[in-house]
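Peer 1: just a sequence and a predicted model for now, questions to come.
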Protein chains: 2
Amino acid sequence: MDLSSFLTSLATSFIIFIILMLLFAWLSGKPGNSVVYYPNRILKGLDPGSKTRNPFTWISEAMSSTEKDILSVSGVDTAVYFVFLATALGILLISGLVLLPVLLPVALTDHGKSGKNGKTTSNGTFSDLDKLSMGNIREKSPRLWVFVFAVYWVSFVTYYLLWKAYNHVSDLRAAALMSPEVKAEQFAILVRDIPAPPDGQTRKEQVDSYFKAIYPDTFYRSMVVTDNKQADKVWTELEGYKKKLAHAEAVFAESKGKGNSEGVRPMNRTGFLGLIGAKVDTIDYCNEKINELIPKLEAEQKVVLSEKQQPSALVFFSSRVTAASAGQNLHSRMVDTWTVVNAPEPCQVIWSNLPKPFYQRQIRQYVVYFIVFLTIVFYMIPIGLVSAFTTLANLKKLLPFIKPVVKKDAIRTVLEAFLPQLALIIFLAMLPKFLLFLSKAEGIPSESHAIRAASGKYFYFSVLNVFIGVTLGGTLFSTLKTIQKSTDTIIPLLASSLPGNATFFLTFVALRFFVGYGLELSRIVPLIIYHLKRKYVCKTEAELKEAWTPGDLNYGTRFPADMLILTIVFCYSVIAPIIIPFGVIYFGLGWLVLRNQALKVFVPSYESNGQMWPHIHTRMVAALLLFQVTMFGYFGVNKFIYAPVIIPLPICSLIFAFVCSKKFYRFFHDTALEIAMKELKEVPNMEVVFKSYIPPPLGGEKPAVAHSEDALSQISRSVASV
Amino acid sequence: MDLSSFLTSLATSFIIFIILMLLFAWLSGKPGNSVVYYPNRILKGLDPGSKTRNPFTWISEAMSSTEKDILSVSGVDTAVYFVFLATALGILLISGLVLLPVLLPVALTDHGKSGKNGKTTSNGTFSDLDKLSMGNIREKSPRLWVFVFAVYWVSFVTYYLLWKAYNHVSDLRAAALMSPEVKAEQFAILVRDIPAPPDGQTRKEQVDSYFKAIYPDTFYRSMVVTDNKQADKVWTELEGYKKKLAHAEAVFAESKGKGNSEGVRPMNRTGFLGLIGAKVDTIDYCNEKINELIPKLEAEQKVVLSEKQQPSALVFFSSRVTAASAGQNLHSRMVDTWTVVNAPEPCQVIWSNLPKPFYQRQIRQYVVYFIVFLTIVFYMIPIGLVSAFTTLANLKKLLPFIKPVVKKDAIRTVLEAFLPQLALIIFLAMLPKFLLFLSKAEGIPSESHAIRAASGKYFYFSVLNVFIGVTLGGTLFSTLKTIQKSTDTIIPLLASSLPGNATFFLTFVALRFFVGYGLELSRIVPLIIYHLKRKYVCKTEAELKEAWTPGDLNYGTRFPADMLILTIVFCYSVIAPIIIPFGVIYFGLGWLVLRNQALKVFVPSYESNGQMWPHIHTRMVAALLLFQVTMFGYFGVNKFIYAPVIIPLPICSLIFAFVCSKKFYRFFHDTALEIAMKELKEVPNMEVVFKSYIPPPLGGEKPAVAHSEDALSQISRSVASV
């Protein structure tokens, strides 16, 4: 790839972005689309927002929004995600301000290896950008000292900003935890691994007497976890019929309106997927089923409460301090019984994981780690095998009926280009779900925790495979023989293959930010899906709402992707500093676009009060460490004898990580009592707190969306009026 | 060493033991010696014990004593030490009962390598014992399967007994912690790393308001830790003069009795060590000094309390549950401030360590670990250098005046034999103190914890140096060339050099138990010291009591020595099972002798409620692991192709250690609330609890010996009357 083709690709991406942005400005102005572009505001009962056709209004709105707005509209987790984006942006900006004016002239005015093939920063003849990189410096040149200084500069900027960010996030978490609002999860703890009750005591009596003895003043009551599988099933079925009934009634009403005064009563088949079986009147059938299922559910509820009690319970306290303290204390002298954790929010409890026994959870964890390890390291093997089998030639043999299709040249070309990648594409699309499934299988009790665990796994996958894989992969086979002779560790190999892939990653980052964020902002796909559903599927208000209700920010997968970019930019920041502006645009644009989305589109589905941050922090330090180690190797490749001057940096990073984790980490796991003791604005209504944890199949209200909506809308209204 | 010389050495040791035992029976019967042989009983106000001249009475008394007796007389820590001895004894007994009748015939009836020089179990011609060992089995012989079975047997016996022991110790600890007696340390927590107080608040107000807000109902009061160095110094001086005055008055009174009715007033010099300076009348001088120091101490106490407050405090609660819970909770959101631990007993607080800041403690810890590492690995280098310099020839040059002494043949021979070892002997004698000093320098807040830490370091030193050092050392130099060619790991090397040292260790163990325990039982050295002091030094009752007051069991150094023996016996148990009876005698005799000493002699100086056990447990599992790995290597040396059949065992050991630590460990660190909530027999007098923590220089009572004595004597009296 030479400079002009790189610029062409860049320009194309930019034009796509401009088009998508204009599209966004046009489409979001149409009233019919406001549920797609302002769902978060609509759900909170706010005005959908500005109707100007100015395509840059959203930018000024995003820029002028404060962290307080984000907190009130989208919660602490989202605010923490913006702290991450801002920190990454800050690191790259401050690094770039020094590195670009210093390193570029130093590199440009040397004539080290330009022209020679061995050490160029690109595989081809990309010589113009090449002159701006460290590859242009002669071996052993004293100019390398400037690059050493650059590594130190980037490192210390990172330490400083990460330290500030951790402090800030800790403040955010503390503010959220000491808020005077009554939050149900702050008055409860989750108890697991309860031993068998003594004879003549029910599970409930056992739990009550145990905790009442220890906390005589503040114990409120307990809720024994039950096996709801059967009740869940009946309840889901019942809800399905209710929806179907509403749909059928809407269809019936509609048909009445269309001239036919009697209307056409909708019919359906009772068999598999509505395709086979007897044809029945849908409205009657659903009513009948509902009348049948309601007593069944009630009977099942009674059975569940009396007979299906599990060795796990939620215990409620009337004091926030006691609950925070109880969640940290050792209760039983056998540490593997009566284990306690802070209760998750009602909406994010993974009920089926609660009764899993202590050692089973441990074993599950290690098994899952092992599976993830295999997946990360060897995923190419099954995919390679599948690819080998799904060639056109094989398919023609297996599925003779596709032969006529394949004969057409155009289709064959597409298929031939596409088929080998198919398995990989499907795999990559399924991976986040698979990792989340694995994380839940570990026995983790809350949704947010499972998402954090999955996100960590995804981070390792992407960094190891995309970054190290692409970097090494290209070099590995061509230098297989050289390795055995001269180098014997992976660091010099990684370091020496870095520059060769600089342009690949430049293009990769540019594509990510222009096309990725363009699509994100314009919401083309959700828009199309919504309009299709509205036209052909949805009949009732509830169905329509379901069609446009957006997901959450989904930062379980978003964050690893950002981290991958950050890792890449870190590693190239000194070798080819021209990558820094690209990183700045990525995080700057990301901040802008997601600010818009967070304010107007996404609805958070849970609140973990920033528990993601320690993970983010650790991985940013890990990325920095990878950068430092790589640079050490790269200075070695350049035969710079003062390369060991880099060695203090990785040690600094380890000490920095250690100090941060000692200073901040435990507060992200436990609630500090000085925070929990802050006064509440009202005496908590414990009955409400208790009821919020009853799962819907057992007669509880729907997941606390309604509740949190009210609370949030109150706040946001007060903010809006400020 | 051949069989006969081994038997001679064994017989000699045994005869020494018999003589020491008879000496003990004779000496302990004399009334004048009862303070040496029954000090623990005397301090508790009990009858010194049986006066029969039967030399075996002590054995029957030790055998018939129960764990309850030990608990009441010597506390939980001593009882836990006996659990260790009994467990080790049990493992060796049950292993031996199967291994001896099975392995010895199998080994004896094979004729593998006897006669050949390469693989004998001794370096010389020790061929009789040789036939009883695994060295007599031919390579690749199917008989090796029996030895594989033996390894499994020893391992599973160990798991079973260790599991039972951990459970039992956990029971002991729980019983002690839930005792209805009021123990001061159960109502207090130790707070460290308190941030600077806000303006206009004293340190005390800051601490009080902080904890009162969190624990409004149960907070009693706080005690800010002060810098007592100056007050300590004055107080020590004062106490010294008080003692000196009492001594001088006793001398004066004595001189009056001796005909001279006026008496001779004792005189002393005021200068360095009483050797120089003006001569003064001691009684007047001391009185004068005391009168001078008392107001000085009082002034200093006021200064200390008002101005020398440190960022650390003891906080007292009126409820045992709250104190137990507070010791585990996170209080501040910055984890490195307001750190809490359970308060140690008043007598074992290391006051000077309390104000050390958080990160300083971490750094100190790592520095200490590094120093210990250097000490363990390289201690031979400085000692070798010192030895090289302290040859007779060098000494003659440096100190010419010793020349005439050295000329005498007898003295020269002794010096020549002794001098090279001198540095090593001094080093080994100082090592435990040095390790304790290092452990205290880590910033550990309590004496018992520091002793545990020092004991761990001593364990690593002895196992690595004595066991691996002796085993490898002998082989290492002779096989230095072989290593480079054939073996490339340490395990086969360790394994193949084991049998060659079997006889060395047999003699070592035998010497340890007969001579070591004989000296322990007979207390010859303390007896002589006591009688010398009584005759020439002590004049007052207090001085006399100080002369015979025994130390504690001192298991900080005792336990690593036992562990060394256990490790040796483990490792040889299958290779040369004849070592097992020696191990059984060591632990059996140790149990008997120490039972006698614990009941009658030693006075425990602190009580940690069995917190030593997790360390003991882990190290026993580590010894087992070393045994399993060594056996794997040894089967390899014997070219037994089924050697990998041993591999599951080390994995089992790791899982066993993991499960035990998960199940039991935290209770040895924190107090479980279900234990702390047990009812007390009386409402605690918080004023007494608070006062027990006032250090003597600040006007507190003498270290809680008096207090604990009362408590203990009450218990022991009630037990004695049972």
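Peer 2: That came in fine, so what should we check first?

Peer 1: following the chain onward from the helix or strand where A:Arg534 lies, which element is next?
Peer 2: Under the criterion DSSP states H and E, the helix or strand holding A:Arg534 is helix A:524-536. Next in sequence after helix A:524-536, counting helices and strands by DSSP H and E, comes helix A:541-548.

Peer 1: other SSEs contacting that next one?
Peer 2: If contacts are counted by 3 or more Cβ pairs under 8 Å, 6 or more residues apart in numbering or on different chains; DSSP states H and E, helix A:541-548 sits against helix A:229-257, helix A:524-536. (Each C-beta comes from the backbone N, C-alpha and C, glycine too.)

Peer 1: quick check: mean pLDDT of it?
Peer 2: Regarding helix A:541-548, the rounded mean pLDDT is 78.

Peer 1: so which bits of that helix are buried?
Peer 2: Residues of helix A:541-548 classed as buried by neighbour count (16 or more other Cβ atoms under 10 Å in any protein chain shown): A:Glu543, A:Leu544, A:Ala547, A:Trp548.

Peer 1: coming back round to it: let's have the helices and strands packed on helix A:541-548 in TSV, adding mean pLDDT, mean neighbour count and distance to chain B.
Peer 2: Listed next are those as TSV, based on pLDDT from 0 to 100; neighbours: other Cβ atoms under 10 Å in any protein chain shown; distance: least, Cβ to the nearest Cβ, whole Å:
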stretch	mean pLDDT	mean neighbour count	distance to chain B
helix A:229-257	82	17	29
helix A:524-536	83	14	39
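
Peer 1: could you dump those to TSV with distance to B:Pro644?
Peer 2: Shown next, in TSV, are the helices and strands packed on helix A:541-548 (distance: least, Cβ to Cβ, whole Å):
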stretch	distance to B:Pro644
helix A:229-257	44
helix A:524-536	56
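
Peer 1: tell me where the model's unsure across chain A.
Peer 2: A:1-3, A:48-53, A:111-130, A:258-263, A:271-275, A:387, A:390-392, A:416-421, A:467-504, A:701-722 (pLDDT under 70).

Peer 1: 50 instead, please
Peer 2: Within chain A, the ranges that satisfy pLDDT under 50 run A:1, A:114-126, A:477, A:480-487, A:703-722.

Peer 1: for it, what lies in contact range of chain B?
Peer 2: Applying Cβ under 8 Å from any Cβ of the partner chain, we find that chain A lies next to chain B at A:170, A:173-174, A:210, A:213-214, A:217, A:321, A:324-325, A:328-336, A:338, A:358-359, A:362, A:659, A:662-667, A:670-675, A:677.

Peer 1: and the residues you listed, which are buried?
Peer 2: So, by 16+ other Cβ under 10 Å, the buried ones in the residues of chain A next to chain B are A:170, A:173-174, A:210, A:214, A:321, A:324-325, A:328-336, A:338, A:358, A:362, A:663-667, A:670-675, A:677.

Peer 1: packing partners for the helix or strand that contains A:Val304?
Peer 2: Element membership of A:Val304, judged by DSSP H and E, is helix A:282-307. Packed against helix A:282-307 by the contact rule (3+ Cβ pairs under 8 Å, 6+ apart) you find helix A:229-257, strand A:267-269.

Peer 1: so which of those is nearest A:Leu132?
Peer 2: A:Leu132 lies closest to helix A:229-257 among the helices and strands packed on helix A:282-307, at 60.0 Å (Cβ to Cβ).

Peer 1: what is that closest one packed up against?
Peer 2: helix A:282-307, helix A:541-548.

Peer 1: format these as CSV; extra columns: distance to B:Trp351.
Peer 2: As requested, those are arranged in CSV below (distance: least, Cβ to Cβ, whole Å):
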stretch, distance to B:Trp351
helix A:282-307, 57
helix A:541-548, 67
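
Peer 1: so which of those helices comes closest to B:Met686?
Peer 2: Judging those by Cβ to Cβ, what sits closest to B:Met686 is helix A:282-307, at 45.5 Å.

Peer 1: list the buried ones in the closest one?
Peer 2: Buried, per 16+ other Cβ under 10 Å, within helix A:282-307: A:Thr282, A:Ile283, A:Tyr285, A:Cys286, A:Lys289, A:Ile290, A:Leu293, A:Leu297, A:Glu300, A:Gln301, A:Val304.

Peer 1: same check, this time on stretch A:307-327
Peer 2: A:308-327.

Peer 1: those residues in helices, which ones?
Peer 2: Under the assignment DSSP state H, the buried residues of stretch A:307-327 contribute A:Arg320, A:Val321, A:Thr322, A:Ala323, A:Ala324, A:Ser325, A:Ala326 to helices.

Peer 1: please report how far the last one lies from B:Thr557.
Peer 2: Computed with Cβ to Cβ, to the nearest Å, the distance linking A:Ala326 and B:Thr557 is 41 Å.

Peer 1: how about the second one?
Peer 2: Noted for A:Val321: a distance of 45 Å to B:Thr557, by Cβ to Cβ.

Peer 1: check contacts around the most centrally placed residue in chain A.
Peer 2: The residue lying closest to the centre of chain A (Cα atoms, centre = their mean) is A:Gly556, at 1.4 Å. With contact set as Cβ atoms under 8 Å, 6 or more residues apart in numbering or on different chains, A:Gly556 has these partners: A:Pro432, A:Leu436, A:Ile451, A:Arg452, A:Ala454, A:Ser455, A:Tyr458.

Peer 1: so how do I select the buried members of these in ChimeraX?
Peer 2: Entered in ChimeraX, the line below selects the buried ones among the contacts of A:Gly556, by 16+ other Cβ under 10 Å:
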select /A:432,436,451,452,454,455,458
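
Peer 1: and of the contacts of A:Gly556, the nearest to chain B?
Peer 2: Within the contacts of A:Gly556, the smallest distance to chain B is 19.6 Å, found for A:Arg452 (Cβ to the nearest Cβ).

Peer 1: the closest one reaches A:Gln611, doesn't it?
Peer 2: Yes: using Cβ atoms under 8 Å, A:Arg452 makes contact with A:Gln611 at a distance of 6.8 Å.

Peer 1: with adjacent residues omitted, what lies nearest to whatever residue of the stretch 401-550 of chain A ends up closest to chain B?
Peer 2: Using Cβ to the nearest Cβ, the single residue of the stretch 401-550 of chain A nearest to chain B is A:Gly443, 14.5 Å away. Spatial nearest neighbour of A:Gly443, excluding adjacent residues (Cβ to Cβ, 6 or more residues apart in numbering or on different chains): A:Arg361 at 3.8 Å.

Peer 1: quick check: the one you found vs A:Val368, distance?
Peer 2: Distance from A:Arg361 to A:Val368, by Cβ to Cβ: 10 Å.

Peer 1: quick one, which of those two is more surrounded?
Peer 2: For A:Arg361 versus A:Val368, neighbours defined as other Cβ atoms under 10 Å in any protein chain shown are more numerous around A:Val368 (20 against 17).

Peer 1: show me what contacts that one?
Peer 2: Per Cβ under 8 Å, 6+ apart, neighbours of A:Val368: A:Leu438, A:Ser439, A:Ala441, A:Glu442.

Peer 1: how about A:Leu10?
Peer 2: Counted by Cβ under 8 Å, 6+ apart, A:Leu10 has contacts A:Thr507, A:Ala510.

Peer 1: can we see that at 7 Å?
Peer 2: The contact partners of A:Leu10, taken as Cβ atoms under 7 Å, 6 or more residues apart in numbering or on different chains, are A:Ala510.

Peer 1: in what helix or strand does it lie?
Peer 2: Per DSSP H and E: A:Leu10 is located in helix A:3-29.

Peer 1: now A:Leu97
Peer 2: Applying DSSP H and E, one finds A:Leu97 within helix A:67-108.

Peer 1: and A:Leu190, by the same measure?
Peer 2: strand A:188-192.

Peer 1: in a helix, that's where A:Val341 is, yeah?
Peer 2: No: per DSSP: H, G, I helix; E, B strand; the rest coil, A:Val341 lies outside any helix segment and is strand.

Peer 1: need the contact list for the nearest residue to it once chain neighbours are set aside.
Peer 2: Among residues not flanking A:Val341 along the chain, A:Leu190 sits closest, at 5.1 Å (Cβ to Cβ, 6+ apart). Going by Cβ under 7 Å, 6+ apart, A:Leu190 touches A:Leu314, A:Val340, A:Val341, A:Ala343, A:Pro445.
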